[in-house]
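Asker: Need a 3D model of the sequence below.
(chains A, B and C)
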Amino acid sequence: MAVLLVLAGCGGDVSTLDPAGPSATSIAMMWSVMLIGATFITIVVLSLLALGFRRSVVPRRIPESLWLGYGAIGIVSVALIALLIYGFLVGGGQRPIGGPATTIRATAQQWHWHFSYEARAPTGAVLVMPVGHPVTVEVTATDVIHGFWIPRLGGKVDAIPGHVNRLRLQADRPGRFVGLCAEFCGTGHRDHSFTAIALSPADWRAFMDGASLEALGHD
Amino acid sequence: MTEPLLDPRLQRDLDRIWSPEPGWRGVLTNVNHTDIGKRFMIAAVVYFSVAGLLAMLIRAQLASPRSAFVGPEIYGQIFTMHGTLMMFMFAIPMFEGLALYLLPKMLGSRDMAFPRIGAYGWWCYVFGGAMLLGSMLVGKAPDGGWFMYTPLSSRTYTPGINADIWLLGATFVEISAICAAVEIAVTVLKLRAPGMSLVRMPLFAWYMLATSLMMVFGFPPLILGSVLLEVERAFGWPFFDPTRGGDSLLWQHLFWLFGHPEVYIIFLPAAGVVSTILPVMARTRIVGYGWIVASIFALAILSFGLWVHHMFTVGIPHMALAFFSVASTLVAVPTAVQLFAWIATLWQGRPELKLPMLYLLGMFSVFVMGGLTGVMLAIVPFNWQAHDTAFVTAHLHYVLIGGFVFPILAGIVHWLPHVTGRARIPRLGEAAFWLIFLGFHATFLLMHLVGLMGMRRRIDTYDAAAGWTAINLLSSVGAFVMAFGFALFLADCVLQRVVNRRSGQSPWGGTTLEWATAVPPRSYNFASLPAVSSRDPLMDEPRMAVRLARGGGYLAATRYGWRETLGVDTTTGRILQIVVLPGSSALPILLAGATGSFFLFMLAGLYGLTPLSLVLVVAISWRWAWTTGSTSEHGELPAGLGSSVPPHFETQDTPGWWASIFTLSANGTFLASLIFGFAFLWVVAPGWPPPACLGPIGTETAIAILASTAGSASLAVARRMVQRGSLGNAIRLGAAAAAGMGVALVAVAAIAFGGTLPIVTDHAYAAVAAALLAYVAMHLALAALMLAYGTARIGTGYVSPRRSHELAIIGQWTHYATATTLLILVILFLAQSCR
Amino acid sequence: MRTVLAIAGAWLVWAFVLAAMYALHGMACAPGGEADEGRRITMFWSLMVGIWAAAVLAALLMLWILWRGPSQWPGGVSRKVVAGSWVAALAAMLLTGVPVLFPQACG
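Answerer: Model prediction:
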């Protein structure tokens, strides 16, 4: 409960803790789980440490194998394996392969973003995507390494010259989201950002048929 | 307890032999490990202060939104230098200094295995650091972030000398680090007290052994990366340029192949400090010695398998990420073994809240949290969100300050009375601790959260609307509190040195051998050397210091003015030889100056002058090697306590032999990284296949391989001749071996300059091929030089059937040159058909 | 030094397996060859499983040798540390290799 209260205060245009898509939601959930687990482990370890100073309370002779074999190796391994499985399931579900998805091309350079589509004219520094439908962003760069990141929708992927990286994203509700360059790219890095607009299905169809963003009421 | 009584005549003789020269000459020629170690630590503290001031500038800039304190250009220099100085100029030199100071004393030796190498490393560090600091003063400091990603750091996007300073300065300091690593590894393996088998070594020595081996294998990838990037910047050879067959990802792989082990290279010595101090503070023995040794090596090698977790967002397929995700979480297990062993030690003993203990508790609370956020970052999807945000900044400070700074502060507090011979000032240190501890958590705890709220690393300011203002202000206030704490800590140390009363022999009741020296220690550490029959020798014999000072141990007499210590079998600790160490010398500073001139010429673009530096380096190195050994036979010499062993140059299993093995291991790692780079570019980089391939090189390849093999074979026969006492034949065969290497060198040069190599600036294929050829050529030339040296040594009487260990070392390098000739030329031969 | 090598050797085998699997996976998923991706992945995947199995067998063999205990091996603490390291490295190898059991397209 306390965790949820803390998280409620963590909104903002670029907060990963205020997710607006399935990827970001599952990762925010993962953070909550890990935060609770980590807090618990920290308390346990520091309590064991404190008990060391209360000699009347603790037994002096505990076998090494209990401390190190069962404690350090056994318990820690079990916790790690559980976490790894959780991570693979969440990560595997976000891979940019399979299923129907709209492809959008994102090209970064110092210090602009440029977005283009398979069946439509490019939209400059604004990324337009449909709501409730997965999008595969093909990310690349023309000069130095940049990073493509829409924090409220999901994880980031680097924009690397000579390579095309794919990222699967989905927006759950219409609206505008802030996109950022995540990898340090020079003096203009701070303001190297873009806007992502998620359109309702009807607007998306009109957009793909060539309607301008202004005509759809997004300027 | 009083100052131990000495044998006055022995003391006078030892003082005369071991003391540095007086005055300024002594400053420049001193090679004593105690002094060099102290210099390293003091310089590291100075760099820590400079880097800390830079951190204060960062926090001043980020304290409020839309701050106009510094612009992005200056800010880039500030955060780059903060990271670079902390990593390369503070953390590594700090533990090197601690190891140089402590190891011989803990192991029961009079000095490190290679005092002049230690001094050379020191001067390299001084000169390299001066380059970095100087660049900051003139406003040309590196500004691309401390991991220098290409292409941002390439000539096109960083045209100034800022990046060159990083590449050259850091490489210079890394040379120093590799020197220290080799020296530490050999010292731990060879210069121990008689009877100190591996499993009786203090844990600190185990940690330093593992750390130094990690440095031997961990630094070469970065040195290679730096060399390649500098060559790309200076001469246009495209290794990382994606438009010409290079790949920026190659830089990332090479950097993180170094960068991740680096974190553990920093952590392990600090953990060694904890494992040494904590049992003393708890007045007991460490729990789980064997478990800890096993976990040290597990950590040391596991840490080499994690580098890709810094690259989870570069577009690597998910299955490969899964391998590294597993590996990254696995390191938590050996780390947990150590943490639990420490807690178990506290449970077993009677811990007291003395000042070193406070810092150890600080370590626990900070490092555990840093480890846990590390596990979070090892989980792939979470990493995708947290990567490149302030979450990572917070995580790495928890790990490095918790895992390194707190233990080192504990170590300083613990050993400062040993260095100064004075007691500490009550309560000042406690106040400093609380300022540092509370300031640290105030700075970094909520920084995790602001990172997840979308605050990226390395941005110079932010808008109030982002909602990060309160957390950043708290971070800045905390940072200044922490800075006051460090200032107070430093003041405490200085005051203790200057004003306070003398301390007793062993203020904490330490049980390792460094507390059996005088306090403060003398230049020769021990008037006579201890023998050891357990892991806690001072627990068995609390008055050992007195016995040793009275000459009751090994080597309690001097002869020929030699600096003597004992060499032992690497595993059992049985006495094998008397190691004769070199005395004060100007060679280290001269060689460092010659090395430095190379880097300065590169920096200034005076490439034509660099061969001059190389000639100087060769000439000084020749002289350096020449001053060792002896032209006369000594046989078995009495070593005290009824034992007799020969001096090291009449034995085979020498420190130099081991040092050569480790240096070749580093060298081989360098080559392996280059070959990896070739394969990586071939498979992954854009712009392949290359426009032109190597021409036919079959003839040259055959000649080079045959000639170098013949050279190696002649040397092998020459060594047999030496064993038989047939020195004349050995000289002729040695000269023939050198000639063989020379012929091979000519054949390799024919490939490079005979028109078969495509233009190197056109494509990475030709550039890497040229780099491989340069590597072979350099090693053939080096082998030829060493063979010439060996021949000259035979001719001047330094070599006899008994005194032939130098030829064993020359043999290693000659055979290595032959093997690399074979390997590289076969690779190039196969790579001829590149389309 | 042999003790050190025997301890480190356990983890070096682990490191070799990891590096080899990563390299093979990189070759399987190298850019440019989308046409026969399926076949290529199957081939490299078989190699990965093969290397993984070989390393696990090597670790088991080493443990068996330690178990049989020829006299040239050190006893006492050294022996325990060496054996413990090989057990741990075997477990690490098993865990690290698990992802190859879930072969998937590149991405």
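
Asker: Please work out how many residues are found near A:Y86.
Answerer: Using other CB atoms under 10 Å in any protein chain shown, A:Y86 has 17 other residues around it. C-beta: built from backbone N, CA, C; applies to glycine.

Asker: correct me, but B:G371 touches B:L400?
Answerer: No: here B:G371 does not reach B:L400: they are 11.9 Å apart, not a contact under CB atoms under 8 Å.

Asker: Between the two, which has more neighbouring residues?
Answerer: B:G371 (25 against 21).

Asker: can you pull the contacts of that one?
Answerer: Applying CB atoms under 8 Å, 6 or more residues apart in numbering or on different chains, one finds that B:G371 lies in contact with B:332, B:335, B:399.

Asker: Give me the pLDDT value at the first one.
Answerer: Per-residue confidence at B:A332 stands at 95 (pLDDT).

Asker: What strand or helix carries the spatially most central residue of chain C?
Answerer: With distances taken as CA atoms, centre = their mean, the residue of chain C nearest its centroid is C:V17 (3.6 Å). Assessed by DSSP states H and E, C:V17 sits inside helix C:2-28.

Asker: re the thing from before, show only the entries of the contacts of B:G371 found in helices.
Answerer: Those of the contacts of B:G371 mapping onto helices are B:332, B:335, B:399, per DSSP state H.

Asker: For the second one, give me its contacts.
Answerer: By CB under 8 Å, 6+ apart, the residues touching B:T335 are B:295, B:299, B:371.

Asker: rerun that using 6 Å as the cut-off
Answerer: The contact partners of B:T335, by CB atoms under 6 Å, 6 or more residues apart in numbering or on different chains, come to B:G371.

Asker: That one and B:V579, how far apart?
Answerer: If you measure B:T335 against B:V579 using CB to CB, to the nearest Å, the figure is 36 Å.

Asker: any idea which helix is longest in chain A?
Answerer: Longest helix in chain A, counting by DSSP H: helix A:22-51.

Asker: list the buried ones in that helix?
Answerer: Of all the residues in helix A:22-51, those buried under the rule 16 or more other CB atoms under 10 Å in any protein chain shown are A:22-28, A:30-31, A:34-35, A:37-38, A:41-42, A:45-46, A:48-49.

Asker: Also stretch B:70-80?
Answerer: Applying 16+ other CB under 10 Å to stretch B:70-80 flags B:70, B:72, B:74-80 as buried.

Asker: of those, list those near chain A.
Answerer: Of the entries in these, those that also sit close to chain A under the rule CB under 6 Å from any CB of the partner chain are B:P72.

Asker: From the buried residues of stretch B:70-80, pick the one nearest B:G169.
Answerer: B:T80 (11.9 Å; CB to CB).

Asker: what residues are up against the closest one?
Answerer: If you count contacts by CB under 6 Å, 6+ apart, then B:T80 has B:142-143, B:145-146 around it.

Asker: Now for those residues: which two are most distant?
Answerer: B:D143 and B:W146 (10.5 Å).

Asker: the more surrounded of those two?
Answerer: Counting neighbours by other CB under 10 Å for B:D143 and for B:W146 shows that B:D143 has the greater number, 25 against 19.

Asker: What parts of chain A come near chain C?
Answerer: For chain A, the residues in contact with chain C (CB under 6 Å from any CB) are A:95-97.

Asker: filter those residues to the buried ones?
Answerer: Judged by neighbour count, with 16+ other CB under 10 Å as the criterion, the buried members of the residues of chain A next to chain C are A:95-96.

Asker: Show me the helices in chain A, by range?
Answerer: A:2-8, A:22-51, A:64, A:76-92, A:201-208.

Asker: and if you look at chain C?
Answerer: In order along the chain, chain C carries the following helices (DSSP H): C:2-28, C:37-68, C:76-97.

Asker: buried stuff in the second one?
Answerer: Pointing back at helix C:37-68 there. For helix C:37-68, the buried set under the neighbour-count rule, 16+ other CB under 10 Å, comprises C:40-41, C:44-45, C:47-49, C:51-52, C:55-56, C:58-59, C:62-63, C:66.

Asker: Same question for the shortest one.
Answerer: Burial within helix C:76-97, assessed by neighbour count using 16+ other CB under 10 Å, is assigned to C:77-79, C:81-86, C:88-93, C:95-97.

Asker: Can that helix be said to contact chain A?
Answerer: No: no part of helix C:76-97 sits near chain A under the criterion CB under 6 Å from any CB; the closest distance found is 7.4 Å.

Asker: So what's the gap between that helix and the chain middle?
Answerer: Per CA atoms, centre = their mean, to the nearest Å, the displacement of helix C:76-97 from the mean C-alpha position of its chain is 12 Å.

Asker: try the longest one
Answerer: Relative to its parent chain, helix C:37-68 has a centroid offset of 6 Å by CA atoms, centre = their mean.

Asker: same question, stretch A:194-214
Answerer: 24 Å.

Asker: what comes into contact with stretch B:724-739?
Answerer: The contact list for stretch B:724-739 (CB under 6 Å, 6+ apart) reads B:711, B:714-715, B:717-718, B:721-722, B:784, B:787-788, B:790-791, B:794-795, B:801.
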